[in-house]
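**Student:** I'll drop the sequence and a predicted model, then ask my questions.
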Amino acid sequence: MGTLEAALSGKSSLGCRQTAWLRVSGVTGAVLGLLICTALPSSAASSPTPVGRVAFGVEPASSTGPDGRSNFSLSATPGAILFDDVSALNFSTKPLSLQLYATDAIETAGGGFGLLPESTKPVGAGSWITIPPDDATVQVPAASATGPGQIVVPITVHVPDKASPGDHAGGVVVSLRTVGTNASGQNVVLEQRVGTRVYIRVSGTIAPRLVVSDVHGAYQGTLNPIGQGRARISYRVTNAGNVSLSVSQSIAVSGLLGSQSHVDMARVPLLLPGASLAESASVAHVWPQFLEHATVTARSHVIVDSSNVVSVAAASSSTRLWAVPWTLLIIIAAIVIAIVVLLRRRSRPQGRHARGAGS
């Protein structure tokens, strides 16, 4: 059973409206955290309702219940209509009234799969998914000795006639809204949500493409005159193609004298088409050789079908950064100054003696 994480943004005053994004890391989520989405006037409930922990989920299903799929992975031509089912699950000991809706996928800051908040209208794959109005809210029975309570809901996917080839992503979300109290004793609406992913590949030309841009670097030296420092490299990696990619990245820093330091970045598990991520890393063991050359390289491959895997052309971009060994230069300068001063002091008595002999 997977988990769900969410973040809130917006004001926290009474009567405010806050939004949340979801990062979905599994098909079924046991929702144990409470999301404060709307604060209500204290008159909204004469006795605030405490909210306990509940657990519910959502999974792809057949007409009889969950069918073991980890997500919806669909293939279609433009204009196609697809039919499927989703199951709302209740792992709690009491019945739950759950809301269902579809929305678009978004890229999270860490390179994960996220879903738009309910308050944001979907314009992509989420808008292609239809849930019957009568099933927008379902009453899911409590769990029993035989397993979780469940309700199966049909969904329809209408692929637009002008849908572009490649991958489109969305999700089906179930949410629970209840009334509780915050630390100040105010009544609030608490929303808990979990979603399952929907991947739709529209037939046509597959055009995977990665772009690395905005590469910047700065050297962080050390007080050790013969020590190594670090190069801080930042950049942006973008999926400029039309299919989702899993991206590996590496950074190489080389100096004028040929030494090279290298670091492999954590793999980005999913970079949606059109999405980009701001990345940064610290490359250790860099010798200060005045001018360094940093190169960022991104690689990936795309699965066209069960028997066809296509490598994506590697993308790279470079920058230069100054890596001046200031401590060593200061020491050398101090030694040179000391030698010059010593030589001048030694030459002065000889000059006085020569002038005395001439007179």
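**Tutor:** That came in fine, so what should we check first?

**Student:** drop to CA atoms for contacts and neighbour counts, all remaining ones
**Tutor:** Fine.

**Student:** domains of this protein?
**Tutor:** Per automatic domain parsing, the structural domains of the chain span 4-202, 210-324.

**Student:** the shortest one: how far from the chain's middle?
**Tutor:** Meaning domain 210-324. 17 Å (Cα atoms, centre = their mean, to the nearest Å).

**Student:** point out where the stretch 201-350 of the chain drops to low pLDDT.
**Tutor:** Scanning the stretch 201-350 of the chain for pLDDT under 70 picks out 303-309, 349-350.

**Student:** what ranges do the helices span in the stretch 251-359 of the chain?
**Tutor:** For the stretch 251-359 of the chain, helices defined by DSSP state H, counting those that start in this stretch occupy the ranges 326-358.

**Student:** tell me which of the domains of the chain lies nearest to Ile339.
**Tutor:** Minimum separation from Ile339 across the domains of the chain (Cα to Cα) falls at domain 210-324, 19.6 Å.

**Student:** dump the domains of the chain into TSV; add mean neighbour count and distance to Val341 as well.
**Tutor:** TSV is the format used below for the domains of the chain (neighbours: other Cα atoms under 10 Å; distance: least, Cα to Cα, whole Å):
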stretch	mean neighbour count	distance to Val341
domain 4-202	18	58
domain 210-324	18	23
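
**Student:** in CSV: those, plus distance to Ala333.
**Tutor:** CSV is the format used below for those (distance: least, Cα to Cα, whole Å):
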stretch, distance to Ala333
domain 4-202, 46
domain 210-324, 13
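
**Student:** nearest to Arg344, out of those?
**Tutor:** Between Arg344 and those, the tightest spacing by Cα to Cα is seen for domain 210-324, at 27.7 Å.

**Student:** measure the closest one end to end?
**Tutor:** 33 Å (Cα to Cα, to the nearest Å).

**Student:** excluding chain neighbours, what is closest to Gly111?
**Tutor:** Closest residue in space to Gly111, ignoring its immediate chain neighbours: Val268 at 5.7 Å, by Cα to Cα, 6 or more residues apart in numbering.

**Student:** list the contacts for that neighbour?
**Tutor:** Neighbouring residues of Val268 by Cα atoms under 8 Å, 6 or more residues apart in numbering: Gly111, Gly112, Ser246, Val247, Ser248.

**Student:** was I right about the first one contacting Leu270?
**Tutor:** Yep, that's Gly111 we're talking about. Yes. With contacts counted by Cα atoms under 8 Å, Gly111 reaches Leu270, the gap being 6.2 Å.

**Student:** strands along the stretch 201-350 of the chain, start to end?
**Tutor:** With DSSP state E, counting those that start in this stretch, the ranges of strands along the stretch 201-350 of the chain come out as 210-220, 229-239, 245-255, 260-264, 268-271, 276-286, 290-305, 308-323.

**Student:** no no, the stretch 51-200 of the chain
**Tutor:** For the stretch 51-200 of the chain, the strands defined by DSSP E, counting those that start in this stretch occupy 56-62, 65-66, 72-76, 81-90, 96-107, 113-115, 129-130, 137-140, 149-158, 166-181, 187-202.

**Student:** can you tell me which of those comes nearest to Ile330?
**Tutor:** Among these, strand 96-107 sits nearest to Ile330 (Cα to Cα), with 47.7 Å.

**Student:** from the contact counts, what lies against that closest one?
**Tutor:** If contacts are counted by 3 or more Cα pairs under 8 Å, 6 or more residues apart in numbering; DSSP states H and E, strand 96-107 sits against strand 113-115, helix 125-128, strand 137-140, strand 166-181.
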